[in-house]
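Undergrad: Following is a predicted model, sequence given first.
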Amino acid sequence: MQANGVVKAVCSPKRSPSVGSVSSSDLANGDDQANGGETAVPARVSPAVHASLSAMPGHMPPAPGSPLAKAGPSADGEGKSLLGGTALELAALRQQVAMLESRLREADRTRQMWEACMTTLVGSILLGPEMNEMYKQECSSLLSQALVGLEQIDRVRYVECSFPSVSSEAPRLSLESWESIARSEWQLRWSPSWSMQVAVEGSYYVSFRLLLKIDSVRMSGALVVNAANDLRQIGLSFAELPALKMRVECTVSWGTLPLPLQDYIGETVVNEFRAWLTRAMVQPNELVIKPAAFQPKQTLTDADVERAMRAASMARELSEVQNETLL
């Protein structure tokens, strides 16, 4: 059969000289007959076979665009070129990734620096001893008003607040976005060791005395900080009501008071703090704090005058030394 003869001629060049002259058209015709008339396109001809065919007597080069021309040695060269291009692109991508990772590490260090700075600012200024005294007065007034408003409570005997200023208990702040010192957003988590005690007297069929102890305060939420450049004024607000939890323990020291009513009084205290947060700090409301340490002094003390005189004397001496050097 002719198809078998052609295949043998390709694979065994030492056959009879009558089959020694093989052209691309013969191969194509042979493949057509072997495949039932359909043209078979070889996937690739190895360089060894291509060289053997070229060296045979009467060989004609394949026509441009024919399957053999497409599957010749140039295909291997093209593959090598593609592999080389891929290697260069891969190296460039690796370099870009390394550069982006370096920028990411630098941005992360900057973020950590701002978080540490803001944590120190909040812990030392907004939660310092002077500011905590102001918070004590606010909380005492808030608790008294909330409890006196209950029909079962006749009067508040005393309110005692313990708000220690401890640097390790400063709020944990994670930076969310930063535009400037006048506008930044933070994720706040705060668990201070603050506690409050309230003693009340009331009557519910019979008179009673009740002691409420409030502690284990936990707060978390999205905090927005708007501060002046000189920190004379700092605005604090929440995008939405933060999560607030606290433990309220009720102890009846005299008389009787049903447990459901004790729970109701405890819930009233927690709800009053949440209502205060909504009124004072949930946007569009904003709590404006003016730290005393950053406010300009209205009057001068003797110590201020003495420091100013020492500074003027040092400046005068420095000026005299500079004049002597020039002369």
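TA: That came through fine.

Undergrad: gap between Ala199 and Ala170?
TA: Using C-beta to C-beta, to the nearest Å, Ala199 is found at 31 Å from Ala170. Glycine gets a C-beta too; all of them are placed from N, C-alpha and C.

Undergrad: can you give me the helices for the protein?
TA: 2-11, 24-34, 47-55, 67-70, 74-121, 129-148, 259-280, 302-326 (DSSP state H).

Undergrad: Tell me which of Ala199 and Ala170 has more neighbours.
TA: Shown here are Ala199 and Ala170; by other C-beta atoms under 10 Å, Ala170 has more neighbours (19 against 16).

Undergrad: Please name the residues that touch the more buried one.
TA: Residues counted as contacts of Ala170 (C-beta atoms under 8 Å, 6 or more residues apart in numbering) are Thr119, Thr120, Val122, Gly123, Leu127.

Undergrad: What distance do you get for the closest residue to the second one other than its chain neighbours to Cys161?
TA: Which is Thr120. Among residues not flanking Thr120 along the chain, Ala170 sits closest, at 7.5 Å (C-beta to C-beta, 6 or more residues apart in numbering). Remark: distance between Ala170 and Cys161 (C-beta to C-beta) = 19 Å.

Undergrad: rewinding a little: what phi and what psi does the backbone show at the residue nearest to Thr120?
TA: Main-chain dihedrals, Ala170, degrees, to the nearest 10: phi -60, psi 150.

Undergrad: per-residue pLDDT, it?
TA: We note a pLDDT of 87 for Ala170 in this prediction.

Undergrad: I'd say Gly128 and Pro164 touch.
TA: No: the pair Gly128 / Pro164 is not scored as a contact, 11.2 Å apart, by C-beta atoms under 8 Å.

Undergrad: Looking at the two, which is more packed in?
TA: Gly128 (16 against 12).

Undergrad: Distance of the more buried one relative to Asp304?
TA: In terms of C-beta to C-beta, Gly128 sits 21 Å off from Asp304.

Undergrad: just Val200 next, same as before
TA: Val200 is 47 Å from Asp304, by C-beta to C-beta.

Undergrad: Looking at the two, which is more packed in?
TA: Val200 (24 against 11).

Undergrad: So what sits opposite that one in the bridge?
TA: Val156, Leu210 (DSSP bridges).

Undergrad: Kindly report the same for the one 4 residues further on.
TA: With DSSP bridges as the criterion, Tyr204 is bridged to Val206.

Undergrad: Over to the one 10 residues further on?
TA: Residues in a beta bridge with Ile214, per DSSP bridges, are Met196, Val248.

Undergrad: Contact partners for it?
TA: Applying C-beta under 8 Å, 6+ apart, the residues contacting Ile214 are Ser195, Met196, Gln197, Val198, Met246, Arg247, Val248, Glu249, Val269.

Undergrad: How about Ser220?
TA: Counting by C-beta under 8 Å, 6+ apart, Ser220 has contacts Gln187, Leu188, Arg189, Trp190, Pro242, Ala243.

Undergrad: Could you export the residues you listed to CSV, including columns for neighbour count, pLDDT and distance to Ser144?
TA: Below are these laid out as CSV (neighbours: other C-beta atoms under 10 Å; pLDDT from 0 to 100; distance: C-beta to C-beta, whole Å):
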residue, neighbour count, pLDDT, distance to Ser144
Gln187, 13, 93, 33
Leu188, 18, 93, 27
Arg189, 15, 94, 29
Trp190, 20, 93, 24
Pro242, 19, 94, 24
Ala243, 11, 95, 26
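
Undergrad: Next step: those restricted to strands.
TA: Gln187, Leu188, Arg189, Trp190, Ala243 (DSSP state E).
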